[in-house]
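1. predicted model, plus sequence, below.
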Amino acid sequence: MLKITNLESGYEKLQVLKEINLEIKPNEIVAIIGPNGSGKSTVLKCIIGLLKTWKGNINFNNKNITNKRPDQIIKFGISYVPQGRLVFQTMTVLENLEMGAYLIRDNTIIKNRLEKIFEMFPILKERQSQLASFLSGGQQQMLSIARALMLQPELILLDEPSLGLSPKLMTEIFRKIKEINKEGTAVILVEQNARMALEICDKAYVLENGRVVLHGGKELIKKKEVKELYIGH
């Protein structure tokens with residue numbers, strides 16, 4: 001599905017990513033973990049086209065999407081949820097979701113997608129007429145993810161979805177991620193909560209100083225260096 005080969009990138013003259021190799025297959029959840037500043041979010045920005053790739057290739061469904069514009073990449077079937085719960089605060093929940101379907105011209109399709117979203121996120125159905133600013137942090141995160149799902153992407157990129165949430169809401173967000181994946185959407189998850197990310201992923205990549213230093217499946221949770229550095233016990 002998505003294959004990254006020898007990816008190098010950064011900001012202006014500061015190189016962040018060094019020879020990143022990463023692959024995700026259909027219906028997988030892939031976690032990217034590592035310390036702050038290791039380049040996790042930078043990988044997602046390169047995939048979605050917000051940051052230029054200096055070297056290497058990004059291929060999606062056998063198409064080279066390296067350095068394509070974000071609007072082109074979205075049309076290929078990739079959605080992106082940045083960290084920080086970036087919803088339109090002065091718009092209603094429903095209007096936010098409709099904004100997520102901006103590429104769709106058929107109102108029947110939009111209506112069907114909304115029904116599916118409301119099935120998955122009942123709280124958003126209840127609050128569809130409320131302004132997004134009145135939602136809790138966890139509800140805003142759900143709205144942000146739901147909006148990205150309106151285009152029925154094959155792959156969704158989630159950047160720190162549990163950031164700033166209570167343990168209860170964090171658990172709920174991870175449950176929703178698993179549900180989204182079961183519906184057939186592949187997920188790349190950048191996450192500080194390494195334990196929870198490793199528990200739900202099919203495989204994971206550990207980044208340090210812009211390089212992949214470890215990769216593997218759920219067995220990473222048992223590795224001494226991962227436990228000490230990222231899980232804490």
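-> Looks like it came in fine. Numbering: from 1, shown residues only.

2. CA-only coordinates of the lengthiest helix in the chain in CSV, if you can.
-> Counting by DSSP state H, the longest helix found in the chain is helix 167-182. Extracted in CSV, the C-alpha atoms of helix 167-182 (Å, rounded to 0.1, in the frame of the first residue of the first chain):
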residue,chain,number,x,y,z
PRO,A,167,-6.8,8.2,30.6
LYS,A,168,-10.5,7.4,30.0
LEU,A,169,-10.8,9.5,26.9
MET,A,170,-7.4,8.1,25.7
THR,A,171,-8.8,4.6,25.9
GLU,A,172,-11.9,5.6,24.0
ILE,A,173,-9.8,7.2,21.2
PHE,A,174,-7.7,4.0,20.9
ARG,A,175,-10.9,1.9,20.8
LYS,A,176,-12.1,4.1,17.9
ILE,A,177,-8.8,3.7,16.0
LYS,A,178,-9.2,-0.1,16.2
GLU,A,179,-12.8,0.2,15.0
ILE,A,180,-11.8,2.4,12.1
ASN,A,181,-9.2,-0.1,11.1
LYS,A,182,-11.7,-3.0,11.3
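
3. the helix or strand that comes right after it pairs with which strands?
-> Where DSSP states H and E defines the elements, the next helix or strand beyond helix 167-182 is strand 186-190. Its sheet considered, strand 186-190 pairs with strand 29-33 (parallel), strand 155-159 (parallel) by DSSP bridges.

4. any idea which of the ones you listed gets closest to residue 44?
-> Distance to residue 44, taken as C-beta to C-beta, is lowest for strand 155-159 among the strands paired with strand 186-190, at 4.7 Å. Glycine gets a C-beta too; all of them are placed from N, C-alpha and C.

5. now the angle from the closest one to helix 167-182?
-> Using axes from the mean of the first three to the mean of the last three C-alpha atoms, to 10 degrees, the direction of strand 155-159 lies 160 degrees away from that of helix 167-182.
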